[in-house]
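Visitor: quick one, what's the 3D model for this:
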Amino acid sequence: MQPTLNTPFEHFAFTAVVFLWFLGLLSAILIFPGILLHSIGAIDNWILNLLVNISQFSIYGALIFSIICAIKIERDHIKALAKAETELSDIILSDMKVLPSNWETNKTVFIVESVVVANDYLRALRWVFRKLVGGESRSLSRLYARARREATVRVLRKAKQSGTNVVWNIRYETSAVQSIFSKDNSKMVTGVEVLAYATAFNVTTG
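Guide: Modelled structure (predicted):
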């Protein structure tokens, strides 16, 4: 079964964005000594211009590339979730506590799975503007929905790996991962964590 998160594209996007940010910041730092060296004639003007251009290209490129990757990663995740849910549809999933009276169970397994899905810059920016006027934050709603579906899929996968065919009394715990760099009390939501736990077992009808 293909992974729904931590795909090769996600690893590539993360590596590329980190490289672009590092290159941009390094070039920006080198601009200041470059100006001093240029003022005493130690380096040519084209070297200083090259540093400025590299810094601007890298930083702007990282921002644009991050937004494009965030959109693709979200779409790919939703498609992968839909595919995984279809493949795992043979497992009965319920949040009920009481079992049907005609069920006989065996091989009981307690399953706990969690997932943390990070917020991207585009969604975070939309959330900031939403705070100004209030109302529903659809971008965060989609983020929570993705995290909940991902946690559910992980529970179902673990149930299938353990050889069970029923996931019963599933429960969720949700929390927001907030930025520690906010100056006010309303910290920026940088991600969401969903913990899902349930009892899995095999069932036969009497």
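
Visitor: for the chain, give me the ranges with low pLDDT.
Guide: 1-2, 38, 121-122, 124-132, 179-189, 206 (pLDDT under 70).

Visitor: residues contacting the most centrally placed residue in the chain?
Guide: For the chain, the residue nearest the mean C-alpha position is Val117 (2.9 Å; Cα atoms, centre = their mean). By Cβ atoms under 8 Å, 6 or more residues apart in numbering, the residues touching Val117 are 5, 143, 146-147, 150, 191-192, 194. To be clear about C-beta, it is placed using only N, CA and C from the backbone, and glycine gets the same treatment.

Visitor: list just the nearest of those to Val133.
Guide: Out of those, the one with the shortest distance to Val133 is Leu143. That distance is 19.5 Å, counting by Cβ to Cβ.

Visitor: thought that closest one was touching Val115?
Guide: No. Contact criterion Cβ atoms under 8 Å: Leu143 and Val115 do not qualify, at 11.4 Å.

Visitor: tell me how this protein divides into domains.
Guide: In the assignment given by automatic domain parsing, the structural domains of the chain cover 8-83, 90-205.

Visitor: thinking again about what came up before, a markdown table for the contacts of Val117, including distance to Ala82 and secondary structure?
Guide: Listed next are the contacts of Val117 as a markdown table, based on distance: Cβ to Cβ, whole Å; DSSP: H, G, I helix; E, B strand; the rest coil:
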| residue | distance to Ala82 | secondary structure |
| --- | --- | --- |
| Leu5 | 14 | coil |
| Leu143 | 17 | helix |
| Arg146 | 11 | helix |
| Ala147 | 15 | helix |
| Glu150 | 12 | helix |
| Gly191 | 22 | strand |
| Val192 | 20 | strand |
| Val194 | 18 | strand |
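
Visitor: separate out the buried members of these.
Guide: Burial by neighbour count, judged by 16 or more other Cβ atoms under 10 Å, picks out 5, 143, 146-147, 150, 191-192, 194 from the contacts of Val117.

Visitor: as CSV, those with distance to Asn49 would be great.
Guide: Putting these into CSV (distance: Cβ to Cβ, whole Å) gives the following:
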residue, distance to Asn49
Leu5, 42
Leu143, 41
Arg146, 44
Ala147, 45
Glu150, 46
Gly191, 39
Val192, 44
Val194, 49
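
Visitor: now the residue nearest to the centre of the chain: phi and psi?
Guide: Note on Val117: backbone dihedrals following degrees, to the nearest 10 are phi -110, psi 120.

Visitor: likewise for Thr7?
Guide: Per degrees, to the nearest 10, the residue geometry at Thr7, taken as phi and psi, is phi -80, psi 160.
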